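> sequence and predicted model, in that order:
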Amino acid sequence: MIQAIIIDDEELSSIYLKHMLQNYPNICIKKTYMNEEHILADLRKEKVDVVFLDIEMPGINGIDLAEEILSLQPSIHIVFVTAHSEYAVKAFELNSVDYLLKPVTSERLEITIKRLTEAIATKIEAQEAKEPLTVKFFNEFQVLHKGELINFRTAKGKELFAYLFSHMDTYINRDLLIEKIWPGTDYKKAKINLHTNLSFIRKTLESIGYSKCLTFSNQSYCLSLDPVSCDVFEFDHVYQTLNVINRSNIHHTEKILQLYTGAYMELNAYEWTYDKSQEYHRKVMLLLNRVIEYYENLDVNKALYYLEVQRKINPYLDENIQKSINLYIKQGNKPEAIKLFNEYKRVLQQDLGIKPDKSITEMYHTLSFQSSEVSK
């Protein structure tokens, strides 16, 4: 049985809709309301499946009220009801399963009930078969379900989800979201875009079994997802325990370094990611330094491998080149040391217009001299 409530300030309209809904044995009208008083209090006590909500009522914005309702029961389906056709498309986009234009006809209501029944059935199936989301931040922000990329309907919707996910379990003020995702956009237009994309996000998550993950309170939104697998979460969890690299944790360290496939959301180039990108860059470079120090006297090849990994992240490190040259010398591989110096010299000149540090240049001249002496 589908539990429903009706919210409409026009008593005759409410009675008429209730009478029409009584023709459907799977719909139970629990209560009707003419204003917002008691609605939220009642919803804190009783579960409801669908709300038939008038968009325009005196002193009430139906869309804002819908957000309040969804904050209490995120799984509720909204059917907007309006006498104004200009609201129809907007209402349909804002987390509603459907919209109805007054006066409601039996033919149009039949379509709504069918959509509602299918939406509830789909949600139940998705919840029963829910599998963890996989979320990747390094290199490019990606969200996968069952190994398949989730398709966000808009680029801004993807960015909004990325921002909310990066602040998981934290309420973010609506105006801050607008400032970060739609900077410089007219506020009224940006607010509509926010509502629309939040609706798309909710529907996408509900379709894969995540029905109670986006809540609204005090003009703020909060995303909570469980279960979920995330490269950044895994990286942070291990990083916090790695004060010293030793035999017991070296393999864990190498494993999380493999997660770093590129800078934090590098390919997305969102303006708000800069600080996080710098934070993870510092963490990775610190870990690489510790791993290189660990392997320097244990496994020269491994140390050289991680020095190369470090150069791919930052190719302008004098200390890296010095260590690499010294390790090549330790291996007796002077040609590779000379080759590395020449490549570093070329990169510095080409990218920055500068020359290698004097100490590195002196190392190179010593190597070149020794090599020429050997060849005589």
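Received, thanks. What you see is a predicted model, and the numbers here were worked out from it, not measured in a lab. Numbers count the residues shown, from 1 in each chain.
> what are the ranges of the strands in the protein?
Taking DSSP state E as the test, the strands found in the chain are 2-7, 27-33, 50-54, 56-57, 60-61, 77-82, 96-101, 133-136, 142-145, 148-149, 172-173, 214-217, 220-223, 228-230.
> for residue 356, which of those is the nearest?
For residue 356, the closest of those is strand 133-136, at 36.0 Å, according to Cβ to Cβ. C-beta coordinates here come from the backbone N, C-alpha and C atoms, glycine included.
> so what are the sheet partners of the closest one and their directions?
In the sheet, strand 133-136 lines up against strand 142-145 (antiparallel), strand 228-230 (parallel) (DSSP bridges).
> adding mean pLDDT, distance to residue 172 and mean neighbour count, write those strands out as a markdown table.
Formatted as a markdown table, the strands paired with strand 133-136 follow (pLDDT from 0 to 100; distance: least, Cβ to Cβ, whole Å; neighbours: other Cβ atoms under 10 Å):
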| stretch | mean pLDDT | distance to residue 172 | mean neighbour count |
| --- | --- | --- | --- |
| strand 142-145 | 95 | 18 | 18 |
| strand 228-230 | 93 | 18 | 16 |
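> residue 11 touches residue 34, doesn't it?
Yes: counting by Cβ atoms under 8 Å, residue 34 is a contact partner of residue 11 at 6.4 Å.
> returning to that earlier point: mind putting the strands of the chain in CSV, distance to residue 270 included?
CSV is the format used below for the strands of the chain (distance: least, Cβ to Cβ, whole Å):
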stretch, distance to residue 270
strand 2-7, 38
strand 27-33, 41
strand 50-54, 34
strand 56-57, 36
strand 60-61, 30
strand 77-82, 30
strand 96-101, 29
strand 133-136, 15
strand 142-145, 14
strand 148-149, 18
strand 172-173, 15
strand 214-217, 20
strand 220-223, 16
strand 228-230, 17
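> mean pLDDT lowest for which of those strands?
If you rank the strands of the chain by mean pLDDT, strand 60-61 sits at the bottom with a mean of 75.
> partner strands of it, with direction?
Strand 60-61 has these strand partners (DSSP bridges): strand 56-57 (antiparallel).
> who's in contact with the residue nearest to the spatial centre of the chain?
Residue closest to the average C-alpha location in the chain (Cα atoms, centre = their mean): residue 162, at 2.7 Å. By Cβ atoms under 8 Å, 6 or more residues apart in numbering, the contact list for residue 162 reads 137, 141, 265, 268, 270.
> and the closest residue to residue 262 other than its chain neighbours, what does it touch?
Excluding the flanking residues, the one nearest residue 262 by Cβ to Cβ, 6 or more residues apart in numbering is residue 139, at 2.8 Å. Each residue near residue 139 by Cβ under 8 Å, 6+ apart is listed here: 261-263, 265-267.
> which regions of the stretch 101-250 of the chain sit below the pLDDT cut-off?
122-130 (pLDDT under 70).
> now the helices for it?
Taking DSSP state H, counting those that start in this stretch as the criterion, the stretch 101-250 of the chain carries its helices at 106-128, 155-166, 174-181, 187-207, 231-239, 250-259.
> ranking those by burial, who's on top?
The highest mean neighbour count among the helices of the stretch 101-250 of the chain, using mean count of other Cβ atoms under 10 Å, belongs to helix 155-166: a mean of 20.
> quick one: that one to helix 187-207, angle?
Put simply, helix 155-166 runs at 70 degrees to helix 187-207, going by axes from the mean of the first three to the mean of the last three Cα atoms, to 10 degrees.
> quick one: pLDDT of the closest residue to residue 14 other than its chain neighbours?
Once flanking residues are discounted, residue 14 sits nearest to residue 8: 4.2 Å by Cβ to Cβ, 6+ apart. For residue 8, the pLDDT comes out at 91.
> number of nearby residues for residue 8?
The local packing of residue 8 (other Cβ atoms under 10 Å) involves 24 other residues.
> now do the contacts for it.
14, 17, 32-34, 52-54, 57, 81.
> buried subset of the residues you listed, written for ChimeraX?
Selecting only the buried entries of these in ChimeraX, with 16 or more other Cβ atoms under 10 Å as the criterion:
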select :14,17,32,33,52,53,54,57,81
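> what is the nearest of the contacts of residue 8 to residue 215?
Taking Cβ to Cβ as the measure, residue 215 lies nearest residue 53 of these, at 18.1 Å.
> tell me which residues form a beta bridge with the closest one?
Bridge pairing for residue 53 - DSSP bridges - gives residue 7, residue 80.
> do you know how far the residue nearest to residue 14 is from residue 48?
Separation of residue 8 from residue 48 (Cβ to Cβ, to the nearest Å): 15 Å.
> quick revisit: residue 361 is nearest to which of the strands paired with strand 133-136?
strand 142-145 (43.1 Å).
> contacts for the closest one, please.
131, 133-136, 149-150, 152, 161, 208.
> same question for stretch 27-44.
1-9, 11, 14-15, 18, 21-22, 46, 48, 57-60, 65, 68-69, 72-73, 113.
> mind checking which of these are buried?
For the contacts of stretch 27-44, buried by 16+ other Cβ under 10 Å: 2, 4-9, 14, 18, 21, 48, 57, 60, 65, 69, 72-73, 113.
> can you give me the neighbour number for residue 279?
Neighbour count for residue 279, taken as other Cβ under 10 Å: 11.
> can you pull the contacts of residue 186?
Taking Cβ under 8 Å, 6+ apart, we find residue 186 in contact with no residue.
> would you agree residue 158 is in contact with residue 152?
Yes: the pair residue 158 / residue 152 is scored as a contact, 3.9 Å apart, by Cβ under 8 Å.
> quick check: closest non-adjacent residue to residue 190.
Here the residue nearest residue 190, using Cβ to Cβ, 6+ apart, is residue 182, at 4.0 Å.
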